[in-house]
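*Asks:* Structure for this input, please:
(chains A and B)
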2 protein chains.
Amino acid sequence: MIPFKLSEELIEQIEHLIETNGDVTLLDMMEDFHYADIAEIIHELNLDEATYIIKLLDSEKTSDILTELDEDIREQILGNLSAKEIAEEISELDTDDAADIIAELPDERVNEIIAQIDDKDHARHIVELLRYDEDSAGGLMAKELVKVNENWNVLTCVKEMRRQAENVTRVHSIYVVDNDDKLKGRLSLKDLLTTSTKAEISSVYIPKVDYVTVNDKGEDVARLMSKYDLEAVPVIDELGRLVGRITIDDIVDVIREEAEKDYQLAAGITQDVEADDGVWELTKARLPWLLIGMLGGLGAASIINGFQGAMGTYPELLIFVPLIQGTAGNMGVQSSAIVVQGLANDTIRGEMLHRLIKEFFLALTNGIAIAFVVLLISHFLFETSYLVSATIGIALVTVIIIAAIIGTFVPIFLDKKGIDPAVATGPFITTSNDVFGILIYFTIAKLILGF
Amino acid sequence: MIPFKLSEELIEQIEHLIETNGDVTLLDMMEDFHYADIAEIIHELNLDEATYIIKLLDSEKTSDILTELDEDIREQILGNLSAKEIAEEISELDTDDAADIIAELPDERVNEIIAQIDDKDHARHIVELLRYDEDSAGGLMAKELVKVNENWNVLTCVKEMRRQAENVTRVHSIYVVDNDDKLKGRLSLKDLLTTSTKAEISSVYIPKVDYVTVNDKGEDVARLMSKYDLEAVPVIDELGRLVGRITIDDIVDVIREEAEKDYQLAAGITQDVEADDGVWELTKARLPWLLIGMLGGLGAASIINGFQGAMGTYPELLIFVPLIQGTAGNMGVQSSAIVVQGLANDTIRGEMLHRLIKEFFLALTNGIAIAFVVLLISHFLFETSYLVSATIGIALVTVIIIAAIIGTFVPIFLDKKGIDPAVATGPFITTSNDVFGILIYFTIAKLILGF
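*Replies:* Now for the predicted structure:
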């Protein structure tokens, strides 16, 4: 493949063409680009230039471009378009994309736009989709699908399908419903290609069909579709009626967003920022977590300060504070990440107790290995006394075990309480392990050295 | 949807049936389960029980089950099957899944298995796929596809397609080739449903088609397919000949694995472990990173030890070590995570210098905010002197800025050198920031307080 590559020359060329109203050249140029590439170009232009491009191109192309834009940029561009212009854009789109695009606009504006859509069925479908939560199956589904009645014969069916397929970008499955519109099963495209046209629908269709319900959560739909390798899944309402379908490309986005959210939480970033966002946006996403870390640091400072005695008698204890703290933090993050990932993939099964016991042994063996190396090195490097060495060794092993257990327990606990366990990774777990680690270290030191 | 739920009762029931040779009941029970669910069940059984189930069920079902199993469990089960039995399994599978399953076996065994496959075309295709790197487009593709010659008329084409479609589980696109098998374009299924059967291929096909080359990297294929919303992409060889196709369900796995790998690296876990792996596997994945952290901790200890003077004169400096260290670590991880994610999504563009300047200002403002809070609290809590307060404030801001710049620069640098930038997140960046942070802290303290 020869991937599209955005270059500064290209952007400059486009900006120049906009400035000099070189519409013919621009149209010609954009003709060759995929809408996803034009969306990339638009992200590099200012609002006026972006609006210029959107108004210049055909709504068949711009409607797809709009679906690819970042929400904030799209909202700005829509602000420059009239209700009629937006209605033209979303008339070109499948109902799910159309609903996504106008979902962020104020209700009043949405009503204006809907009123301008010529195809009343399309308008009605979009309004229906706007009712659902955007993270639910209802919010992900499109109304476009091919369905046939179980009581039809194949001739009627094929004729109907041809008509319906006109409105459906990609035909994945043909769904079979009864007279009440209740989902009964499906016909595969392969059946269509390989079965004689004389067969009856009721004798051909596959009655077993995976489906989801409008209120199912998006991530559950993603898990179902990826586990069972589904490319499309029908959506039914509370009465079992077929109301829409979700395709795998929408789910790819859900999977990606879910993974990104977990990753950002693990790194201590509130979701939904990108490298190219402004300083203020990035600060909003990052500062809260930095402040949590800061409070932990001050907590640790208080603890050390509380052991004033040790600071005078055994100043060498203090040089190992970063080691204790860092090791506890790393261990805790590892443990919590494994659990969070297991929860996301639904592979955390069996007894909590069994899991904690395993983690205990893992931490014990790793802890002893690390403590051994540390004592060996510090004996030669810092000439620590035997009692101080014992303190450091015992403290290291204890801190590692406790960090591992907290790291394992907290995400499972949060998950049971219905809180996203991913918040338990990153700064939260690091910070609490820091504080615990130092407290344990000095407590053990006090017990052994008795200051 | 009513999701399949694995329960201990179910496993016990199945184990009991295996023990008592209740084959009829077992077969009846498994009949109702999806292969992905049976794979989950098998993960809970011991090797003998698992082999029993695989030998009991029809190879049409067990072949799919094998594709869903964890590699290590699958390898053990395959060890219990004869070459002929394995050949039967992979005869049922698409070429890509067949190749994946036997790719891990020793060459000699593979040859034995291949020799037992009745369908010689299928065998030849599998051998061809085994040649490619598993992370390349060639390693991801399947040989099953529907292709027609541009010189055919629609009648020949439909007849040929019906024949070919028999071997293809999901027909996404019909590819058009010339007499040399070179990819020319595609026909959509929709065209097939809605176009008159009298049209000529050369007048119907769409000459614009996205494609990848056998040696393209899997993650680049994933990016292309998800950017352009492709459900399948044809693969060509170096001569432009159509050799296979990749479908979106394979790419969903690539995206998931990619995201998981980045996440695990960020948490300091060498890839490919799961919550249910054994203590030894988990230790292998975790201990190296813990040791990196440990070395950092010892490095920090050496630095503090090197500033012996400070420890005597200003012992209060030491209580802020965890704060300095934690804040530097958090800041560095945030910065690197944003860059790593931007690189993964291909949204890191523009000048490196511009990015570093932005990061500098972000760190400066956040640093000042944090330093202000710290100084306020420590003034009342620890009654630090003005000079020590100045030291802490200046050190905090400096350390935060340097952590942010290192966190931004290192992943971009690694990416340019062709190294996975995700290794720069997690313990690596935290540890180096710890050491740098403490060094900077004491150096600034020495400059201001002059011990």
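*Asks:* ranges for the strands of the stretch 151-300 of chain A?
*Replies:* Using DSSP state E, counting those that start in this stretch, the strands of the stretch 151-300 of chain A run over residues A:173-177, A:183-188, A:212-213, A:232-236, A:242-247.
*Asks:* Looking at the ones you listed, which is nearest to B:S7?
*Replies:* strand A:212-213 (22.1 Å; CB to CB). Every C-beta, even on glycine, is put in place using the N, C-alpha and C of the backbone.
*Asks:* Output the contacting helices and strands for the closest one.
*Replies:* Judged by 3 or more CB pairs under 8 Å, 6 or more residues apart in numbering or on different chains; DSSP states H and E, the packing partners of strand A:212-213 are helix A:218-227, strand A:232-236.
*Asks:* among the ones you listed, where is the model least confident on average?
*Replies:* For these, mean pLDDT drops lowest on helix A:218-227, to a mean of 89.
*Asks:* Could I get the buried residue list for that one?
*Replies:* A:G218, A:V221, A:A222, A:R223, A:L224, A:M225, A:S226, A:K227 (16 or more other CB atoms under 10 Å in any protein chain shown).
*Asks:* quick one: least confident helix or strand in chain A?
*Replies:* helix A:189-194 (a mean of 65; mean pLDDT, DSSP states H and E).
*Asks:* can you tell if the helix or strand encompassing A:Q325 touches chain B?
*Replies:* Assigned by DSSP states H and E, A:Q325 belongs to helix A:321-344. Yes. Looking at helix A:321-344 against chain B by CB under 8 Å from any CB of the partner chain, the contacts come from A:321-327, A:329-331, A:333-334, A:336-339, A:341-342.
*Asks:* relative to helix A:321-344, how tilted is the helix or strand that that helix is followed by?
*Replies:* Next helix or strand after helix A:321-344 toward the C-terminus (DSSP H and E): helix A:352-381. Interaxial angle, helix A:352-381 versus helix A:321-344 (axes from the mean of the first three to the mean of the last three CA atoms, to 10 degrees): 150 degrees.
*Asks:* picking that back up, keep only those of the buried residues of helix A:218-227 that are also close to chain B.
*Replies:* Checking these against chain B (CB under 8 Å from any CB), the matches are A:L224, A:S226, A:K227.
*Asks:* The second one contacts A:I255, doesn't it?
*Replies:* Yes. A contact is recorded between A:S226 and A:I255 when judged using CB atoms under 8 Å, the distance being 6.9 Å.
*Asks:* what residues are shared contacts of those two?
*Replies:* Common contacts of A:S226 and A:I255 (CB atoms under 8 Å, 6 or more residues apart in numbering or on different chains): B:V252, B:R256.
*Asks:* Pipe the helices and strands packed on strand A:212-213 into JSON lines and attach distance to B:S82 per row.
*Replies:* Shown next, in JSON lines, are the helices and strands packed on strand A:212-213 (distance: least, CB to CB, whole Å):
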{"stretch": "helix A:218-227", "distance to B:S82": "30"}
{"stretch": "strand A:232-236", "distance to B:S82": "38"}
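*Asks:* mind checking which of the ones you listed is nearest B:D272?
*Replies:* Short answer: helix A:218-227, nearest of those by CB to CB, at 18.4 Å.
*Asks:* Kindly format the C-alpha coordinates of that closest one as CSV.
*Replies:* Only the C-alpha atoms of helix A:218-227 are listed here, as CSV (Å, rounded to 0.1, in the frame of the first residue of the first chain):
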residue,chain,number,x,y,z
GLY,A,218,-21.2,-1.0,24.2
GLU,A,219,-18.3,-2.8,25.7
ASP,A,220,-20.4,-5.9,26.2
VAL,A,221,-21.4,-5.8,22.6
ALA,A,222,-17.8,-5.5,21.7
ARG,A,223,-16.9,-8.5,23.8
LEU,A,224,-19.7,-10.6,22.3
MET,A,225,-18.8,-9.7,18.7
SER,A,226,-15.1,-10.2,19.1
LYS,A,227,-15.5,-13.5,21.1
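*Asks:* Now do it and helix A:321-344, the angle between them.
*Replies:* Using the same axes, to 10 degrees: helix A:218-227 against helix A:321-344 is 70 degrees.
*Asks:* Now do helix A:218-227: everything it contacts.
*Replies:* Helix A:218-227 is touched from outside by A:135-137, A:139-140, A:210, A:212, A:230-231, A:233, A:246, A:248, A:251, A:254-255, A:258, A:346, B:1, B:3, B:36, B:249, B:252-253, B:256, with contacts defined as CB under 8 Å, 6+ apart.
*Asks:* Quick check on the residues you listed: which are buried?
*Replies:* Taking 16+ other CB under 10 Å as the criterion, what is buried in the contacts of helix A:218-227 is A:136-137, A:139-140, A:210, A:212, A:230-231, A:233, A:246, A:248, A:251, A:254-255, A:258, B:36, B:249, B:252, B:256.
*Asks:* how close does A:F382 sit to chain B?
*Replies:* Distance, A:F382 to chain B, by CB to the nearest CB, to the nearest Å: 6 Å.
*Asks:* Can you list the buried residues in stretch A:280-295?
*Replies:* A:L282, A:T283, A:A285, A:R286, A:L287, A:W289, A:L290, A:L291, A:I292, A:G293, A:M294, A:L295.
*Asks:* Hmm, the fifth one is touching B:A363, no?
*Replies:* No. With contacts defined as CB under 8 Å, A:L287 does not count as touching B:A363, sitting 11.1 Å away.
*Asks:* host element of the closest residue to A:L295 other than its chain neighbours?
*Replies:* Closest residue in space to A:L295, ignoring its immediate chain neighbours: A:T431 at 7.4 Å, by CB to CB, 6 or more residues apart in numbering or on different chains. In this structure, A:T431 sits in helix A:427-449 according to DSSP H and E.
*Asks:* Alpha carbons of that helix, as CSV, please.
*Replies:* Extracted C-alpha coordinates of helix A:427-449, given in CSV (Å, rounded to 0.1, in the frame of the first residue of the first chain):
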residue,chain,number,x,y,z
PRO,A,427,-0.9,7.3,40.1
PHE,A,428,-3.6,6.1,42.5
ILE,A,429,-2.0,2.7,43.2
THR,A,430,1.5,4.1,43.0
THR,A,431,0.8,6.8,45.4
SER,A,432,-0.9,4.7,48.0
ASN,A,433,1.8,2.1,47.7
ASP,A,434,4.4,4.8,48.2
VAL,A,435,2.8,5.9,51.4
PHE,A,436,2.1,2.4,52.7
GLY,A,437,5.6,1.3,51.7
ILE,A,438,7.3,4.1,53.7
LEU,A,439,5.1,3.6,56.7
ILE,A,440,5.9,-0.1,56.7
TYR,A,441,9.6,0.5,56.2
PHE,A,442,9.9,2.8,59.2
THR,A,443,7.7,0.7,61.4
ILE,A,444,9.9,-2.3,60.7
ALA,A,445,13.0,-0.2,61.3
LYS,A,446,11.6,0.9,64.6
LEU,A,447,10.8,-2.6,65.7
ILE,A,448,14.3,-3.9,64.8
LEU,A,449,16.5,-1.0,65.6
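*Asks:* Report all helices and strands that that helix contacts.
*Replies:* helix A:279-306, helix A:308-313, helix A:321-344, helix A:386-416, helix B:321-344.
*Asks:* The ones you listed: lowest mean pLDDT?
*Replies:* helix A:308-313 (a mean of 77).
*Asks:* Contacts made by it with the rest, please.
*Replies:* A:I304, A:L317, A:L318, A:F442, A:A445, A:K446, A:L449, A:F451, B:P315, B:L318.
*Asks:* please redo it, this time with the cut-off set to 6 Å
*Replies:* A:L317, A:A445, A:F451, B:P315 (CB atoms under 6 Å, 6 or more residues apart in numbering or on different chains).
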